[in-house]
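Peer 1: got a structure for you, letters missing:
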């Protein structure tokens, strides 16, 4: 056994040096990516146009590669340009230096306002960056940096790629890159220095020139001239107070109720802070040579006033607090609350203690007890108002979320008709005062499914918004809503129409709450008309019946009469199971019932047209042209009919669900048809009453003319006459129209059962309003609030006329109409809309801030005013704007003055110190304040073309960019050398 185990112990490891190492695999992957992106060979593009780095389109491609288990991302950044025609140029490309080397000397795009940092530092139109994929990873050690740089150099040499390849080293916030670019016989090394503090000897141009020349190490004497581009950036932060035009809202006046009620219909607008935080002035000297200018530690020729180019950019405050945005946002937050109105107010609307509780709880029982008290005094409305008074007394004034002044102001704003001492005279809704406009802004409610801008719902939304923001928050909202619901109950009980609502059935284009209020108004209109009809008929018949008694007609009928009436009632309404709970509208007085008997309605149940012809016509509206009845030739009269029942969208949904549940069977279809023909039956009965002796053909000729087909025929005498008959669908057996016609009795509309039970529908609406939580209410009214906010933004934009804002507003309207048109929109989408509105508000506030700072309104000359307005609009839309005429132009003089004022304000000293400084003119000159502060940033670009490394080498471009700020010093150099002749 021992002998067998000895050979195994002698086995040793063999290292195979022919397999690829991790480093070689990494280089191979880099080459593979460069090949996939087709970055091989030289591709010369057009010369760079001025400003193309900012105005052009930049794109990038990315991929991921690994060095062992360390992940890198490779990104190709390039400026999109039209491809050039390469035919006939192939022989020239062999000796041409790479495109990126030529771009190093291009002066058309120095200091681009918005570009990748490598574009700003080196002026490149195309480059590839290899960086650690994870944000926290970094290449810190020098050996790893050199290994990556070697990998880049080998990959470029193997592939023949002439696009610069950079490697990001150190922590990402330092933006440190090293890289290389290779061409035929040439190479450019991209190097970088980054320090936190500027060395004293390099704070000026002369020191930077020394670095540049020593780095080039050019053997030629004299050295070719160095081209210099310089930019100094001055920052203005200390705006004078009068430069901000926003007026704060007068909260004291609003709270005190001194402002008129119309203030509650206005939304605030503007930023609470200056939305422009800084102004950056860049003074540029684009083409200088080292012999022309002096800039050292003792003296400098670089005076910003004398700079040939001025450009300005503004730094905007991040998320400035905006009033309109805050208003809408705070209102939207209510949508997420779960509490009910009672929970918020801390007391149920009917919760009382002691004797008061007994009074209210016994109030309902009194309705059923025999009592001599007149019944109208125990109406629900009176009980609710009594409870309201007791709640106020119990809660105390100091506990009420809204004080009486604010509450009264709001209620008068919502219900202007309450000012009148005789509210009974208000018989029309306020849509007469607000004729519907055909303007695009007015009709926005169709798109947003909100409410018209002159409606009560719209005003209520604005008032609740203001209450939520200024007067008590959620409790104030709950308090106002409770008062609003009580006002609705009061108006229903007392026949007062609700102002601010268009007459007619509910508008399904509006929000559900608006539809409910319109439905309540319809109920009030019907109830009011019915009550007025009762009064007039009672007063007409009071002398014919018993004097002083205007009771129900049923009280004076005999037993037989009542039986016959009940019999008729059951016959007429046999398709419907029950009558309305409120019977007051039927058979209002004795004379109507006597007419009913006298007309022989009973005999008409089974009789034909002959018996019906003996009835006395009733309920005629007017004669229908020249049409006559087919059987007796009497004129055809259009009857007074009942209006169809108005429906809100939730009732329509309920009805459609009920009809759908009936199924598709024959019985279900028949029952569905009967349910849908209630209005048809009512109209048939009205028609029969107005036209005794009529037939179904007569009714169809009026009601549905297309179902009565007329043809020209020749009679026995040879005359051409018209002969008509019912259409095919009317002749179908068991047709619903025929069945309804046979069922219908000649009953005028005023004695028919109501199609629309206003009492029941009104109570349903009032109950619906009472159970709404503040969150539900906010959901209903949010479209109106967004509608109001959009109108406010449009109104404010029209004063400023900013084209970019117009486009954004159109996008907001389009987006909002898609989101709000569907029920229960997502919170995230609503937040997006509100955020867009806030952004537009900030944009307009910025425009006003800049106009105030540059004094566009103070310009007397029209040309200067137009130039300034154009300059301000460009500042809002472009990253950087060139100042025409630099420091000598109109805008330049204003900017200069702004800096001078800020410098004087910063150097302001007390009078006693000022007197001490008074001395010789020389001392005063030394102590005088300069017009501009020290530059916040100084940028230098040094360029030249020299042979390197030997005098006989090819002359190649050299470039060094440097930026000096208070806490940052960076040198970014691109140094080219000849690899063939060295």
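Peer 2: Looks like it came in fine. Because the structure is predicted, anything quoted here is derived from the model rather than measured.
Peer 1: what's the spacing between residue 199 and residue 207?
Peer 2: Taking Cβ to Cβ, to the nearest Å as the measure, residue 199 falls 8 Å from residue 207. No exception for glycine: its C-beta is placed from N, CA and C like everyone else's.
Peer 1: between these two, who's got more neighbours?
Peer 2: Comparing residue 199 with residue 207 by other Cβ atoms under 10 Å, the one with more neighbours is residue 207, at 18 against 10.
Peer 1: contacting residues around the more buried one?
Peer 2: Shown in contact with residue 207 (Cβ atoms under 8 Å, 6 or more residues apart in numbering): 199, 201, 296, 297.
Peer 1: hmm, 10 Å instead?
Peer 2: 198, 199, 200, 201, 295, 296, 297, 962 (Cβ atoms under 10 Å, 6 or more residues apart in numbering).
Peer 1: what about the third one, how many residues close to it?
Peer 2: Neighbouring residues of residue 200 were enumerated by other Cβ under 10 Å; the total is 9.
Peer 1: got the contact list for it?
Peer 2: Neighbour list for residue 200: 207, 297 [criterion: Cβ under 10 Å, 6+ apart].
Peer 1: quick one, phi psi at it?
Peer 2: Main-chain torsions, residue 200, degrees, to the nearest 10: phi -60, psi -40.
Peer 1: now the second one
Peer 2: For residue 199, the backbone dihedrals (degrees, to the nearest 10) come out as phi -60, psi 140.
Peer 1: what about it, distance to residue 297?
Peer 2: Distance, residue 199 to residue 297, using Cβ to Cβ: 12 Å.
Peer 1: Which other helices and strands does the longest helix that the chain contains contact?
Peer 2: With secondary structure taken from DSSP state H, the chain has its longest helix at helix 512-541. Packing contacts for helix 512-541, counted by 3 or more Cβ pairs under 10 Å, 6 or more residues apart in numbering; DSSP states H and E, involve helix 456-470, helix 473-493, helix 590-598, helix 649-661, helix 758-770, helix 774-800.
Peer 1: Now do the buried residues in the fifth one.
Peer 2: So that's helix 758-770. Buried residues in helix 758-770, counted by 16 or more other Cβ atoms under 10 Å: 758, 759, 761, 762, 763, 764, 765, 766, 768, 769, 770.
Peer 1: In a markdown table: those, plus pLDDT.
Peer 2: Compiled in a markdown table, the buried residues of helix 758-770 are given as follows (pLDDT from 0 to 100):
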| residue | pLDDT |
| --- | --- |
| 758 | 80 |
| 759 | 85 |
| 761 | 87 |
| 762 | 89 |
| 763 | 91 |
| 764 | 89 |
| 765 | 90 |
| 766 | 92 |
| 768 | 90 |
| 769 | 90 |
| 770 | 89 |
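Peer 1: Is it correct that residue 234 falls within a strand?
Peer 2: Yes. Looking at residue 234 with DSSP: H, G, I helix; E, B strand; the rest coil, it is inside a strand.
Peer 1: so what are the domain limits for this protein?
Peer 2: As given by the TED database, the domain ranges for the chain are 26-81+96-218+948-978, 625-757.
Peer 1: Comparing these by mean pLDDT, which bottoms out?
Peer 2: For those, mean pLDDT drops lowest on domain 625-757, to a mean of 76.
Peer 1: Determine how far that one lies from the middle of the whole chain.
Peer 2: Between the centre of domain 625-757 and the centre of its host chain there is 48 Å, according to Cα atoms, centre = their mean, to the nearest Å.
Peer 1: I figured residue 145 hits residue 178, correct?
Peer 2: Yes. If you go by Cβ atoms under 10 Å, residue 145 and residue 178 touch, sitting 6.8 Å apart.
Peer 1: Now list whatever residues contact both of those two.
Peer 2: With Cβ under 10 Å, 6+ apart as the test, residue 145 and residue 178 both reach 167, 169.
Peer 1: longest strand anywhere in this structure?
Peer 2: strand 276-289 (DSSP state E).
Peer 1: quick one on the thing from earlier: which members of the contacts of residue 207 are classed as buried?
Peer 2: For these, a burial check counting by 16+ other Cβ under 10 Å picks out 198, 295, 962.
Peer 1: other SSEs contacting the helix or strand hosting the last one?
Peer 2: When elements are assigned from DSSP states H and E, residue 962 belongs to strand 955-965. With contacts defined as 3+ Cβ pairs under 10 Å, 6+ apart, strand 955-965 has these neighbours: helix 99-103, helix 117-122, strand 186-195, helix 205-216, strand 227-236, strand 937-947, strand 968-978.
Peer 1: do that again at 7 Å, thanks
Peer 2: helix 117-122, helix 205-216, strand 937-947, strand 968-978 (3 or more Cβ pairs under 7 Å, 6 or more residues apart in numbering; DSSP states H and E).
Peer 1: Tell me how far the closest residue to residue 768 other than its chain neighbours lies from residue 795.
Peer 2: Spatial nearest neighbour of residue 768, excluding adjacent residues (Cβ to Cβ, 6 or more residues apart in numbering): residue 516 at 6.0 Å. Per Cβ to Cβ, residue 516 is found 29 Å from residue 795.
Peer 1: how about the strands in the stretch 751-900 of the chain?
Peer 2: Here the stretch 751-900 of the chain has its strands, by DSSP state E, counting those that start in this stretch, at 881-883.
Peer 1: actually the stretch 351-500 of the chain, not the one I wrote
Peer 2: Going by DSSP E, counting those that start in this stretch, the stretch 351-500 of the chain shows no strands.
Peer 1: re earlier: point out the most buried one among the domains of the chain.
Peer 2: domain 26-81+96-218+948-978 (a mean of 17; mean count of other Cβ atoms under 10 Å).
Peer 1: from the middle of its chain, how far away would that domain be?
Peer 2: When C-alpha coordinates are averaged (Cα atoms, centre = their mean), domain 26-81+96-218+948-978 and its chain have centres 44 Å apart.
Peer 1: what's the answer for stretch 296-304, then?
Peer 2: Worked out by Cα atoms, centre = their mean, stretch 296-304 lies 52 Å from the chain centre.
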